[in-house]
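In: My questions concern the predicted model and sequence given below.
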Amino acid sequence: DVLLLREAQGTAARAMSSDKMISAAEMAKHDKKEDVWFAIHGVVYNITNYLEDHPGGEEVMLDRAGQDATTDFEDVGHSEEARKELKKFEVGKLEGYDPASAKAAKPTVESAGGSSGMMGMLVPVVLVGAAVAYRFLM
């Protein structure tokens, strides 16, 4: 019963926080390791308690502390699971955010079979290998 109560309270708190408007100036104050907020697609997240658990390390998250992290988030190509996980940390909406004029990348979800980062690395390696093989065979 206590567990259900805590879960219900957490859900209620997230619902209330999702309506809260947060200015860029307010978000910018949360730029220290002990207090890290950033925005992705106009939604502000407090990811302080997630820093140590982030698979890519805390440094990449600290680099965008207090800022919009949309482009970085999308460039990595986070999974659908990562996007769902992020919702737990929502604290509000970024005031004045306009998706139409934002320089933000469009959301992309990587397939479970691989990532564009790996493919981006694989192509040059294959090309170099082909060039070396060609040089030795000719």
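Out: Looks like it came in fine.

In: got any ranges where this protein has weak pLDDT?
Out: Along the chain, segments meeting pLDDT under 70 span 1-18, 101-134, 138.

In: Could you pull out the helices in it for me?
Out: For the chain, applying DSSP state H gives helices covering 2-17, 24-28, 58-62, 70-76, 80-86, 116-137.

In: pretty sure residue 38 is in contact with residue 50, am I right?
Out: No - using Cβ atoms under 8 Å, residue 38 is not in contact with residue 50; the gap is 11.2 Å. Any C-beta I mention is one placed from the backbone N, CA and C, and that applies to glycine too.

In: The two: who's more crowded?
Out: Higher neighbour count among residue 38 and residue 50: residue 38, with 27 against 16, using other Cβ atoms under 10 Å.

In: Look up the closest residue to that one, ignoring the ones flanking it.
Out: residue 69 (4.2 Å; Cβ to Cβ, 6 or more residues apart in numbering).
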